[in-house]
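**Student:** Turn this into a structure:
(chains A and B)
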Amino acid sequence: MTATLPVPLDETHVPPPIRLGRSRLYARRFTRNRSAVAGMVIFLVLVGYATIGGHLTSWSWSEQDFLALTQPPGGSHWFGTSQGGNDVLAQSVHGLQRSLVIALSVSVLTTVISAVVGAGAAYLGGVVERGTLMVIHFLLVVPSFLILALVSNRVSGDWRILILLLTLFGWMFTARVIWSVSTSLRERDYVLLAEFMGVSRWRIVVRHIIPHLGGLLIVNLTLGVVTTVLSETSLSFLGFGVKLPDVSLGSLLADGSATINSAPWLFAVPAGLLVLLTISLTLIGDGLRDALDPTSMAGGRG
Amino acid sequence: MVRYVARKAIGWLVMIVVATNATYFLANWFLDPRSNYRELRPVRTDEQIAHALAPYGLSPSWSIVHRWWYWLCDILFRFDWGHSPTGVPVNSEIPQRVLVSGQLILLGTVASVVIGVALGVYTASRQYSAVDRAGQAVSVVLLNIPTAVSALALVLGAVWLNQLAGTTVLHVAGANTPGVDGTWHTILDRADHLVLPTLNLTLLGYVSWHLTQRTLLLDTLNAEFVRTARATGLTRAQAIRRHALRASLIPTATSVAFSIPAVFTGAIITEWVFGWEGMGRYFTETISQNNVDGVAAVAAFGAVATAVGAILSDVATVALDPRVRAS
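**Tutor:** Numbering: from 1, shown residues only, chains lettered A, B, ... in the order given. Modelled structure (predicted):
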């Protein structure tokens, strides 16, 4: 990748770059990226749907309408009803909420854990570093999807435990990336300066090394949500994740798969929401990566 | 070279043993084989259930260490991986399921790699052209579709196609139709059943190859040795084909080897949706049917697949990259 440098031919005619605050610069770079803005709009609409979408229908997600079983979209049920007479709109709102809460919390937790573990291991070095790397490598080898399915099947679909499990098996890969980036940071002058000033070791990790990884962490946070949505969907689809009476987008998809020919709307609604969610988050993540890139020259003028 | 591989293999063997045993204990902790008998009518007493489970080494009256020792000795001395709670031997299930999954995964991986690498090379040599941008957009969409969604969408499309044609053009379930005989009919029938699951694995699999191969080739296009090649009088196409492409294929070749166990997890949902009785299906069945021995065997198989993939990728690096020496 080559960054195109501005040609220093006629420096008198080039207007001096406007000094923007860092957050304003990032915001400007982000909003100039059309696909990132589209992703943001889709994501906000989805969040809005998950929070206030329940008011679009008078039915609650767990309520059953025995007069309208497997009814196609229309009438008082905008998105139709399931085989048990549940309103699909209300269920999809609840399912989206579940999937969003699980994905966001797992992503935040894994990012925090991997930042502290990765940067800590890189800075502290020695036995701590070797031990941490061994644990990470071992966890990468164990069949995590199998263990995830095994354990979450037993706890019978409590979404809070699912968050814990997905976090437990989700942090290693990011931690390894952060460790390898941080190994070069520990030699930097400002870290040495902090050491000479007598700042404690953990304080250096938290206040001096981790902030330097900010961009990487934010991008990982966004893309981590996508990964979690995908694995939560797989687990719930196979019947090992969120289970009845609770619903998530994955379990709704599993319900819809049984009647895909006779009642395709049961499949289409959760499938559409899932695809919109993951694509919008990826577009946001890519936009953030470009906006936070310290070598980027975009957005300095105008 | 042999010593290098042997050293790696021993390290992986230790990992496999530890992971399999850890899974055995976890499975014992989280699965209860007794529940398979509790739903039977007339109601079995606890003694009767323990009596029924005893021949399979699953008796709840044994301590966990005792059960583990029984399980381990059977594997070590007779290569017997145990039984399901209802007495189905694990050894009778795995070989045929590996074959079923194997043909699916092999075909899917080969198709993904070929399509992905070809697209990657094509788009990288035409960076920022319309084709490149379209390819990127399609890849971003495909990369984010959950496997379950794409598989079900394919089923929906195939059913629509079958209705349109008025006959079964594409089979949506199973690996073969029972009762088909004759060599040609069997081959055609198998191939027809393979179309949709392979298509699903390929659609989701080619994307990452496309994106990585594109990045890798773009990185080498500006390398000095490619510029030198151009300076000796080669055309751009020749320089790409003979110099840049060869160098950029090395990391791809090593990760192809590594990708086979990863496809194994991806195939769980594909096998589930298309009703293939492969390893992925066995994975879900062992867990939902409290098959402790089966879960441990699946874990062992997965760990062996990972190890073989990793060793193959190491060998590929040493064999292909002249800058790397085995030591």
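**Student:** where along chain A do the helices fall?
**Tutor:** Secondary structure of chain A, counting by DSSP state H: helices at A:22-32, A:34-52, A:88-124, A:126-141, A:144-154, A:159-168, A:172-185, A:189-196, A:201-204, A:214-238, A:249-258, A:265-292.
**Student:** Among those, which comes closest to B:Ser112?
**Tutor:** helix A:214-238 (17.6 Å; CB to CB). (C-beta placed from N, C-alpha, C; glycine too.)
**Student:** Report all helices and strands that that closest one contacts.
**Tutor:** When contacts are defined as 3 or more CB pairs under 8 Å, 6 or more residues apart in numbering or on different chains; DSSP states H and E, helix A:214-238 packs onto helix A:88-124, helix A:144-154, helix A:159-168, helix A:172-185, helix A:249-258, helix A:265-292, helix B:147-165, helix B:245-274.
**Student:** Out of those, which one sits most buried?
**Tutor:** Across the helices and strands packed on helix A:214-238, averaging neighbours per residue (mean count of other CB atoms under 10 Å in any protein chain shown) puts helix A:249-258 on top, at a mean of 24.
**Student:** which residues touch that helix?
**Tutor:** Residues outside helix A:249-258 that contact it (CB atoms under 8 Å, 6 or more residues apart in numbering or on different chains): A:82-83, A:91-92, A:95-96, A:98-99, A:229, A:232-239, A:241-244, A:263-264, A:266-271, A:273-274, A:277, B:146, B:148-149, B:152, B:273.
**Student:** do the same with stretch B:102-122
**Tutor:** Surrounding stretch B:102-122, the residues in contact under the criterion CB under 8 Å, 6+ apart are B:131, B:135, B:194, B:197-198, B:201-202, B:205-214, B:216-217, B:240, B:245, B:249, B:252, B:256, B:259-260, B:263-264, B:267, B:270-271, B:276, B:278.
**Student:** same thing but at 7 Å, please
**Tutor:** Counting by CB atoms under 7 Å, 6 or more residues apart in numbering or on different chains, the neighbours of stretch B:102-122 from elsewhere in the structure are B:135, B:194, B:197-198, B:201-202, B:205-207, B:209-210, B:213-214, B:217, B:245, B:252, B:256, B:259-260, B:263-264, B:267, B:276, B:278.
**Student:** now the chain, which segments are flagged as low pLDDT?
**Tutor:** As the question left the chain open, I've gone with chain A. Applying pLDDT under 70 to chain A picks out residues A:1-20, A:156-157, A:294-302.
**Student:** wrong one, chain B
**Tutor:** B:260-266, B:324-327.
**Student:** Determine the longest helix present in it.
**Tutor:** Taking DSSP H as the assignment, the helix of chain B that covers the most residues is helix B:183-221.
**Student:** Tell me who's in contact with the residue most central in space within chain A.
**Tutor:** The centroid of chain A falls nearest to A:Val225 when counting by CA atoms, centre = their mean (1.5 Å). A:Val225 makes contact with A:103-104, A:107, A:281, according to CB under 7 Å, 6+ apart.
**Student:** please redo it, this time with the cut-off set to 10 Å
**Tutor:** A:43, A:99-100, A:102-108, A:111, A:277-278, A:281-282, A:284-285 (CB atoms under 10 Å, 6 or more residues apart in numbering or on different chains).
**Student:** Those: which ones sit near chain B?
**Tutor:** Contacts with chain B within the contacts of A:Val225, as defined by CB under 10 Å from any CB of the partner chain: A:277-278, A:281-282.
**Student:** need the residues you listed in CSV with distance to B:Gln289, can you?
**Tutor:** Converted to CSV, those look like this (distance: CB to CB, whole Å):
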residue, distance to B:Gln289
A:Leu277, 33
A:Thr278, 32
A:Leu281, 36
A:Thr282, 37
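**Student:** Chain B: which of those residues is nearest?
**Tutor:** For these, the minimum distance to chain B (CB to the nearest CB) is 3.8 Å, reached by A:Thr278.
**Student:** So that closest one versus A:Leu249, what's the distance?
**Tutor:** In this view, A:Thr278 and A:Leu249 are 10 Å apart by CB to CB, to the nearest Å.
**Student:** what residues do the two have in common as contacts?
**Tutor:** When CB under 10 Å, 6+ apart defines a contact, the residues bordering A:Thr278 and A:Leu249 alike are A:103, A:229, A:233, B:146, B:149.
**Student:** Share the number of residues neighbouring the second one, please.
**Tutor:** It stands for A:Val229. A:Val229 sits with 26 neighbouring residues when counted by other CB atoms under 10 Å in any protein chain shown.
**Student:** Please verify my assumption that it contacts A:Val101.
**Tutor:** No. A:Val229 lies out of contact with A:Val101 (CB atoms under 10 Å); the separation is 11.3 Å.
**Student:** Quick check: neighbours shared by those two?
**Tutor:** Here A:Val229 and A:Val101 share the contacting residues A:Ser248, scored by CB under 10 Å, 6+ apart.
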